[in-house]
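>>> how would this look folded up:
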Amino acid sequence: MIDAIVQQNMTQKDLSAKTGITQADISRIENGMYKS
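Okay, the predicted model is just below:
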């Protein structure tokens, strides 16, 4: 996921706006700390 964000020049905030996932959850996912 991180690679895709970097390739698209997107920020976590941009991804959040497009997906409806909170920026905090995106950060947790990137850091491997997200528990579903």
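>>> C-alpha from now on. contacts and neighbour counts both.
Fine.
>>> average pLDDT across the host helix or strand of residue 4?
Assigned by DSSP states H and E, residue 4 belongs to helix 2-7. For helix 2-7, mean pLDDT rounds to 73.
>>> same question for stretch 14-24.
The pLDDT scores in stretch 14-24 average 94.
>>> give me the residues contacting it.
Contact with stretch 14-24 is made by 5, 12-13, 26, as judged by Cα atoms under 8 Å, 6 or more residues apart in numbering.
>>> circling back to that earlier point, residues making contact with the helix holding residue 4?
With Cα under 8 Å, 6+ apart as the test, helix 2-7 has contacts from 11-12, 15, 30.
>>> show me where the chain has its helices.
Taking DSSP state H as the criterion, the chain carries its helices at 2-7, 12-19, 23-30.
>>> any buried residues in the second one, and which?
Meaning helix 12-19. Within helix 12-19, the residues that count as buried by 16 or more other Cα atoms under 10 Å are 12, 16.
>>> check the offset of that helix from the chain's centre.
7 Å (Cα atoms, centre = their mean, to the nearest Å).
>>> swap in stretch 7-22?
The answer for stretch 7-22 is 6 Å, by Cα atoms, centre = their mean.
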